[in-house]
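**Q** pasting a predicted model and its sequence here:
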Amino acid sequence: MDPSALRYDFEHALLAMNRDEARRLLARVPGPPLAAIEALIVPSLARLGEGWERGQIALAQIYMGGRICEELVDTLLGSSQNERYGRPRMAIATIEDHHQLGKRIVSSALRGSGFQLIDYGVGTVDSIAARAVSDGIEILLLSALMLRSALRIRDVRTRLADRPIRVVVGGAPFIFDHALSREVGADAMATNAFHAVEVVRSLSQGSLPQGSLPQGAPWV
């Protein structure tokens, strides 16, 4: 089946809140689980998020679509959570944005690549910044689906201005506007889960990726 047609059908299954159809369509994507998630779930949710921002999709559809995708990801990747610290000391969070799927995919990709991190879940600007300082975090990954959440990252960066904490951002708003990552003061931006692994590896080695960002589905 044509990938674009498959994504179209998957998006409509999410909008219709049809779990069984979404599961059936996801099973048709070849390759390992994470590759299937990146190829179908991630870009579909990014498009739904863009539709919500434009007033074309109801918030209830965004919420239920995200819940369905989280269930599918749990089935594909398992629901175990490893929150031991490794080196570099890393954490991941969303700011007042209850869309958790992108964060979960990135966490799974990092852990699958040998990194360890703690998931802060959903927090406020103050709670995330305070916890990052208290935990001695070296790399803080912040995911955003909605623009308003992405803009709050600037406030986190301000609160961490005097701390040696690198901030990595990702999500649909940063894909739609590549300048946004600089506007919020991020040290790096990841375009997808695989790129997040590359960025973290480069940061842990004391360097940032050079040149153009790799093309790929957004980390939502």
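**A** Structure received.

**Q** how about the strands in the protein?
**A** 90-95, 117-123, 139-143, 166-170, 188-190 (DSSP state E).

**Q** using TSV, please lay out the ones you listed together with mean pLDDT.
**A** Listed next are the strands of the chain as TSV, based on pLDDT from 0 to 100:
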stretch	mean pLDDT
strand 90-95	95
strand 117-123	93
strand 139-143	96
strand 166-170	95
strand 188-190	93
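
**Q** highest mean neighbour count out of those?
**A** strand 139-143 (a mean of 28; mean count of other Cβ atoms under 10 Å). Where you see a C-beta, it was placed from the backbone N, CA and C, and this is true even at glycine.

**Q** what strands line up against that one, and which way round?
**A** As defined by DSSP bridges, the strand partners of strand 139-143 come to strand 90-95 (parallel), strand 166-170 (parallel).

**Q** grab the most central residue of this structure for me.
**A** residue 102 (3.1 Å; Cα atoms, centre = their mean).

**Q** what's the neighbour count on the spatially closest residue to residue 72 that is not a sequence neighbour?
**A** Excluding the flanking residues, the one nearest residue 72 by Cβ to Cβ, 6 or more residues apart in numbering is residue 26, at 5.7 Å. Residue 26: 23 surrounding residues under other Cβ atoms under 10 Å.

**Q** for the chain, which helix is longest?
**A** Looking across the chain with DSSP state H, the single longest helix is helix 59-77.

**Q** list the contacts of the residue nearest to residue 72.
**A** 10, 36, 40, 41, 72, 76 (Cβ atoms under 8 Å, 6 or more residues apart in numbering).

**Q** ok, so what distance separates it from residue 181?
**A** According to Cβ to Cβ, to the nearest Å, residue 26 stands 29 Å off from residue 181.

**Q** which parts of the chain are helices?
**A** 3-15, 19-26, 33-36, 42-53, 59-77, 101-112, 125-134, 147-159, 172-176, 180-183, 193-204.

**Q** so which of those helices is nearest residue 94?
**A** helix 101-112 (5.8 Å; Cβ to Cβ).

**Q** on contacts alone, who are the packing partners of that closest one?
**A** helix 33-36, helix 42-53, helix 59-77, strand 90-95, strand 117-123, strand 139-143, helix 193-204 (3 or more Cβ pairs under 8 Å, 6 or more residues apart in numbering; DSSP states H and E).

**Q** next one: the first one to chain centre, how far?
**A** So the one you mean is helix 33-36. Between the centre of helix 33-36 and the centre of its chain there are 15 Å (Cα atoms, centre = their mean, to the nearest Å).

**Q** residue 177: how many residues sit nearby?
**A** 12.

**Q** got a pLDDT number for it?
**A** pLDDT for residue 177: 90.

**Q** hmm, back to that, gap between the longest helix of the chain and the chain center?
**A** 13 Å.

**Q** low pLDDT regions in this structure?
**A** 1, 49, 53, 77-87, 112-114, 207-220 (pLDDT under 70).

**Q** per-domain residue ranges of it.
**A** Listed domain ranges for the chain are 3-77, 90-204 (source: automatic domain parsing).

**Q** need the winner for burial among the ones you listed.
**A** Of the domains of the chain, domain 90-204 is the most buried (mean count of other Cβ under 10 Å), at a mean of 20.

**Q** how far does that domain stretch from start to finish?
**A** In domain 90-204, first residue to last residue: 10 Å (Cα to Cα, to the nearest Å).
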